[in-house]
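[1] Pasted the sequence and its predicted model underneath.
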Amino acid sequence: MEIKLNEENANEAVVELLRNGLDLFNNRKMDKAFEIFDSAIRMDPNCAEAHVVKGEALMGMFELEEAEECIRTYLMLNPGSSRAYMDLMDIYCEFGDFNNSLIYCNKLLETDGEDAFLFKRKAYFLSWLDEFDEALEFYDKAIALKPDFYDAVCDKAHMFAEYGYHQESLETYEEGIKLLPEKGEAYMGAAFAYERLGDKKKALEFLKKAQNLEPEDEIYKSHYEIMRYAEY
């Protein structure tokens, strides 16, 4: 993730430390970077920006428990921050805590109720919470706001598949293929739908198409080989 440094309300010396720390972090000098982030926090423990920069750096390293602590401190110092809500939503998603992810997604939607990306995220969390009908509603809202939202279409198709609606999954993946015929993801999803509907020939055809479109992606190749030699 890209870490943005907001210099407006921070001590100039702290900002300089954070800038240097981010340069080190982006150059993979992690230990030195975190030493500097900690120095910035010691210099001004009430500088919200120091906590969020360290927290997002920790998120980038999947040190999620410590990242959560940093982001919560940032939120305490900067109440109502959309940035904190977004970070916490992502952290809890990584934890698999979709109830809490949904809480912070809803907080974001309170300030921006017409965001297709947030509708897609909410649908995803709801699908994991076994709220199929509501999840479908929010996928449809996301796609209505952004008709070319390929990722939302593919996620919706994947949800259909997870719930056993393979014909609906196939039809939705086909919508994704129409949106971006040069991408392999929807072809692979359609291939799995065809397989579950009993049409192995069509499934292999679509997996081969995905492989040809993105030959550098080993996932398509491996799935094609597995399906090709699978016994039914």
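    Sure, I can see it. Numbers count the residues shown, from 1 in each chain.
[2] tell me the contacts of the most centrally placed residue in the chain?
    Centroid check for the chain by C-alpha atoms, centre = their mean gives residue 90 as the closest residue, at 7.2 Å. By C-beta atoms under 8 Å, 6 or more residues apart in numbering, residue 90 lies in contact with 59, 101. Backbone N, C-alpha and C define where each C-beta goes, glycine included.
[3] For residue 132, see how far away it is.
    Separation of residue 90 from residue 132 (C-beta to C-beta, to the nearest Å) stands at 23 Å.
[4] swap in residue 111?
    Per C-beta to C-beta, residue 111 is found 27 Å from residue 132.
[5] Show residues contacting the one helix or strand in the chain whose mean pLDDT sits lowest.
    Lowest on mean pLDDT, DSSP states H and E among the helices and strands of the chain sits helix 218-229, with a mean of 90. Helix 218-229 has contacts (C-beta under 8 Å, 6+ apart) with 184, 188, 191, 195, 200, 203-204, 207-208, 210-211, 214-215.
[6] Repeat that for stretch 39-50.
    Residues from elsewhere that reach stretch 39-50 (C-beta under 8 Å, 6+ apart): 5-7, 9-11, 13-15, 17-18, 21, 37, 51, 53-54, 74, 77-78, 81.
[7] cutoff 6 Å now
    Residues outside stretch 39-50 that contact it (C-beta atoms under 6 Å, 6 or more residues apart in numbering) are 6, 10-11, 14, 17-18, 74, 77-78.
[8] just the buried members of the residues you listed?
    By neighbour count, with 16 or more other C-beta atoms under 10 Å, those hold 10-11, 14, 17-18, 74, 77-78 as buried.
[9] Closest one of those to residue 94?
    residue 74 (17.6 Å; C-beta to C-beta).
[10] The helix or strand encompassing residue 192 packs against which elements?
    Per DSSP states H and E, residue 192 falls inside helix 185-196. Helices and strands touching helix 185-196, by 3 or more C-beta pairs under 6 Å, 6 or more residues apart in numbering; DSSP states H and E, are helix 150-162, helix 166-179, helix 200-213.
[11] measure the residue nearest to residue 83 when sequence neighbours are not counted to residue 12 for me?
    Closest residue to residue 83 apart from its sequence neighbours, by C-beta to C-beta, 6 or more residues apart in numbering: residue 52 at 6.6 Å. Separation of residue 52 from residue 12 (C-beta to C-beta): 18 Å.
[12] Ok, residue 61 next?
    Computed as C-beta to C-beta, the residue 61 to residue 12 distance reads 28 Å.
[13] These two: which is more packed in?
    It is residue 61, of residue 61 and residue 12, that has more neighbours when counted by other C-beta atoms under 10 Å, with 12 against 8.
[14] Please report phi then psi for the more buried one.
    When read as degrees, to the nearest 10, the backbone of residue 61 gives phi -100, psi 10.
[15] do the same with residue 73
    As for residue 73, its main-chain torsions (degrees, to the nearest 10) stand at phi -60, psi -40.
[16] pLDDT score for the nearest residue to it once chain neighbours are set aside?
    Once flanking residues are discounted, residue 73 sits nearest to residue 51: 4.6 Å by C-beta to C-beta, 6+ apart. With respect to pLDDT, residue 51 scores 97.
[17] Next: residue 231.
    According to the prediction, residue 231 has pLDDT 63.
[18] Kindly report the same for residue 6.
    pLDDT, residue 6: 81.
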